[in-house]
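Asker: Structure of the sequence below:
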Amino acid sequence: MAVLPIIIAPDPRLKVVCDPIKEVTCEEAKLMNDLLETMYAAPGVGLAAPQVGVVKRIIVVDPAPKDRARQPIMMANPELVDASDEMKKFEEGCLSFPGHYSEVVRPSKIVVRYIDETNQTCEINAEDVLATCIQHELDHLDGVLFVDHISALKRNIIHRKLKKSKTHMVVK
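Answerer: Prediction:
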């Protein structure tokens, strides 16, 4: 396993729509494990392949609290099968937007179908934090970022701050 470099916004690679995969091969399984290692090292609770520059429909999540055992979920070609009408607001952050957070409203319960790391088709019922995390990562696969769910004013402030910090990193 390897820790991969995470793309920091603003970057056009984060706005790309990812390609589905035919099956989880050894290459995709390795990518899933690398994504998990990268996510844990960051640290984060979810990571999508496009955040490391891979245009494949693959995500990993693990919203388990740090004081509990890890509960990683690796998904290829995840698709939202159902979502509740009940909405819930959570403060979201993103490894591609370090240090920036905002409240986002999403369905509180979802059902997702996906292919796991062993190439088995699975379905998961998720709610609350897990549902939010999965939806956040699903968005990445379609080039949608959590800041796309907030006001243009807040989004522009975050983008300006990230551009400024990227400029300072290059200059140093």
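Asker: ranges for the helices of this protein?
Answerer: Here the chain has its helices, by DSSP state H, at 26-41, 128-141, 152-171.
Asker: neighbouring contacts of the first one?
Answerer: With CB atoms under 8 Å, 6 or more residues apart in numbering as the test, helix 26-41 has contacts from 1-4, 6, 21, 24, 45-49, 52, 54, 56, 58-60, 62, 70, 72, 74, 76, 95, 117-118. Placement of C-beta: from N, CA and C, glycine included.
Asker: residues contacting the residue nearest to the spatial centre of the chain?
Answerer: Closest residue to the average C-alpha location of the chain: residue 137 at 2.9 Å, with CA atoms, centre = their mean. Residues near residue 137 by CB under 8 Å, 6+ apart: 46, 47, 48, 59, 60, 61, 78.
Asker: Which two of those have the greatest separation?
Answerer: Greatest spatial distance in those: 47 and 78, 13.0 Å, computed using CB to CB.
Asker: shared neighbours of these two, which are they?
Answerer: 59, 137.
Asker: So for the two, which residue has more residues nearby?
Answerer: residue 47 (28 against 24; other CB atoms under 10 Å).
Asker: That's all I had, so thanks and see you.
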